[in-house]
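Participant: okay, predicted coordinates and the sequence, questions at the end:
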Amino acid sequence: MSRFSAITDNPHEGRFNKKTGILVTNLGSPDAPTPKALRVYLAEFLSDPRIVEIPRLIWLMILHGIILRVRPKKSAKAYKSIWTENGSPLIYISKQQADKIAERLKASNHNVEVELAMRYGNPSIEAGLEKLRDKGITRIVVFPLYPQYSSPTTGSTFDAIARVLKKWRWVPELHFINGYHTNPLYIESLANSIKEDLEENGTPQKIVFSYHGMPKQFLDHGDPYHCLCHQTTRLVVEKLGLDKELVMTTFQSRFGKAEWLKPYTDATLESFPKEGIKDIAIISPAFSADCLETLEELEEENREIFEEAGGEKYRYIAALNDRDDHIDALCDVLKPNL
Ligand SMILES: C=CC1=C(C)c2cc3[nH]c(cc4nc(cc5[nH]c(cc1n2)c(C)c5CCC(=O)O)C(CCC(=O)O)=C4C)c(C)c3C=C
Ligand SMILES: [Fe+2]
Ligand SMILES: [Fe+2]
């Protein structure tokens, strides 16, 4: 038994090929919308020091003593409301994206194998990397589908990759894509999805760009995510030639009691009707795939907040998911690494 793992059956020349392996990743979901599965998922997720930066010992006591006794039940209820016959929307859509990327690249004669992996839960990063290694691949591009770099998401994916590869005897040639929010085709795809909505439903009083939030302290300590989100909004506004006053950038999905990036999406939506803004469209460009935070929080929870405060028209513009122009954008991001 060796400390480092490898494929040991007679390598010689033939078995290792010239293929590039692409590991498409996203955040991950629980295995089922049940408190038991959520306890396992949240224990892994919330133990990540990139996600919660409270001193370790104190945080682990709070996590195991309080959070993991209360949160799984509440989160399971939210997951139940969005779960489909295909399971978690995030994982199902990510699978569609990975398959379409593979299809598109192979059709243009790229010699690639694409696998999907999730940072937390299944299919795991370790399983994804091993599948590529089993195919004799020694050159890997890791592609986290987070357009805007952040330490809790992209940075954490890097940690998970490194944790696996440091156990491998033959470390592959590795390329890591750490964001793509300025890619012209990504911006174009966001712009197209908004344009289609405006053509179908008319121009609302406000278009809200709602990004997943993070503790403000992360920004103060140098995380670029906040700035990259604002830059994304600006690029889309410029692409569409919109009036700047029509658009607002907000941050959603708060967790815990600390201050998070502001303005908060929920508080903003609650205040709009008092200011006479009763017709809005909302889009969430940080999510490459629809997930709990869009389908439950934006489609259900925030719609209710807005309507209860007197709002009249609320529409959520879907994530880019497996739209053709989105797959084009993702392939374009990959291109320099193929
Ligand atoms: C605890 C702190 C959290 C930080 C920081 C955070 C950053 C962050 N997350 C995403 C993307 C997603 N988050 C999702 C769910 C989710 N996020 C947190 C907490 C933090 N996220 C929790 C506890 C959960 C689980 C659900 C819950 O119990 O409320 C998801 C959806 C997953 C799914 O299965 O659908 C995504 C996607 C980003 C982009 C980000 C920082 C920029
Ligand atoms: Fe999150
Ligand atoms: Fe900023």
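Facilitator: Nice, I can see it. Ligands and ions are numbered 1, 2, ... in the order given.

Participant: do stretch 288-295 and ligand 1 meet at all?
Facilitator: Yes: counting by Cβ under 6 Å from any ligand atom, contacts between stretch 288-295 and ligand 1 involve C291, L292, E293. Any C-beta I mention is one placed from the backbone N, CA and C, and that applies to glycine too.

Participant: now do that stretch: distance from first to last residue.
Facilitator: 13 Å (Cα to Cα, to the nearest Å).

Participant: stretch 270-280 now?
Facilitator: So stretch 270-280: terminal residues 12 Å apart, Cα to Cα.

Participant: likewise for stretch 141-159?
Facilitator: End-to-end distance (Cα to Cα), stretch 141-159: 15 Å.

Participant: one step back: so of the residues of stretch 288-295 next to ligand 1, which ones are in helices?
Facilitator: Of the positions in the residues of stretch 288-295 next to ligand 1, L292, E293 sit in helices, assigned by DSSP state H.

Participant: neighbours of the spatially closest residue to P35 that is not a sequence neighbour, just the number please.
Facilitator: Of all residues beyond its chain neighbours, the one nearest P35 is P72 (4.2 Å), with distances taken as Cβ to Cβ, 6 or more residues apart in numbering. By the other Cβ atoms under 10 Å criterion, the neighbourhood of P72 contains 22 residues.

Participant: how close does F45 sit to ligand 3?
Facilitator: 25 Å (Cβ to the ion, to the nearest Å).

Participant: who are the contact partners of that residue?
Facilitator: G28, I51, Y120 (Cβ atoms under 8 Å, 6 or more residues apart in numbering).

Participant: how much space between the nearest residue to the last one once chain neighbours are set aside and Y314?
Facilitator: If you skip the residues right next to it in sequence, Y120 has G28 as its closest partner in space, 4.0 Å away by Cβ to Cβ, 6+ apart. Relative to Y314, G28 is positioned 29 Å away (criterion: Cβ to Cβ, to the nearest Å).

Participant: equivalent analysis for I66, please.
Facilitator: Distance from I66 to Y314, by Cβ to Cβ: 34 Å.

Participant: so between these two, which is more surrounded?
Facilitator: Legend: neighbour count by other Cβ under 10 Å for I66 and Y314, higher for Y314 (22 against 10).

Participant: wait, is the more buried one part of a helix?
Facilitator: No: using DSSP: H, G, I helix; E, B strand; the rest coil, the assignment for Y314 is strand, not a helix.

Participant: just list whatever residues bridge to it.
Facilitator: Beta-bridge partners for Y314, by DSSP bridges, are I280.

Participant: let the chain start at 37 from now.
Facilitator: OK, 37 is where the count begins now, so the last one is Y350.

Participant: from what I see, it and F342 are in contact.
Facilitator: Yes: using Cβ atoms under 8 Å, Y350 is in contact with F342, at 5.1 Å.

Participant: stretch 277-296 near ligand 1 anywhere?
Facilitator: Yes: interface with ligand 1: stretch 277-296 contributes S289, F291 (Cβ under 6 Å from any ligand atom).

Participant: what's the mean pLDDT across that stretch?
Facilitator: Taken as a whole, stretch 277-296 has a mean pLDDT of 96.

Participant: show me the contact partners of that stretch.
Facilitator: Residues contacting stretch 277-296 (Cβ under 8 Å, 6+ apart): 88, 239, 241-253, 265-266, 269, 273, 297-302, 304, 320, 329, 333-334, 338.

Participant: buried residues in it?
Facilitator: L278, V283, M284, T285, T286, F287, Q288, S289, R290, W296 (16 or more other Cβ atoms under 10 Å).

Participant: cool, stretch 201-209 as well?
Facilitator: L201, P208.

Participant: ok, the closest residue to ligand 1 within the stretch 187-336 of the chain to S246 distance?
Facilitator: Relative to ligand 1, the nearest point of the stretch 187-336 of the chain is C327 (3.0 Å; Cβ to the nearest ligand atom). If you measure C327 against S246 using Cβ to Cβ, the figure is 13 Å.

Participant: quick one on the thing from earlier: go ahead and confirm the residue nearest to P71 touches P69.
Facilitator: No: the criterion here is Cβ under 8 Å, and P108 misses it with P69 at 10.5 Å.

Participant: what ranges does the stretch 37-186 of the chain have for its helices?
Facilitator: 71-82, 92-98, 104-118, 125-143, 161-170 (DSSP state H, counting those that start in this stretch).

Participant: turn those helices into TSV, including mean pLDDT and distance to ligand 1.
Facilitator: Formatted as TSV, the helices of the stretch 37-186 of the chain follow (pLDDT from 0 to 100; distance: least, Cβ to the nearest ligand atom, whole Å):
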stretch	mean pLDDT	distance to ligand 1
helix 71-82	98	6
helix 92-98	96	10
helix 104-118	97	3
helix 125-143	98	4
helix 161-170	97	16
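
Participant: pLDDT weak spots in this structure?
Facilitator: 46-52 (pLDDT under 70).

Participant: and it, which of its residues are near ligand 3?
Facilitator: H262, C263 (Cβ under 5 Å from the ion).

Participant: all strands for the chain, in order.
Facilitator: Counting by DSSP state E, one finds strands in the chain at the ranges 56-62, 148-154, 175-180, 209-212, 242-248, 283-288, 315-319, 349-353.
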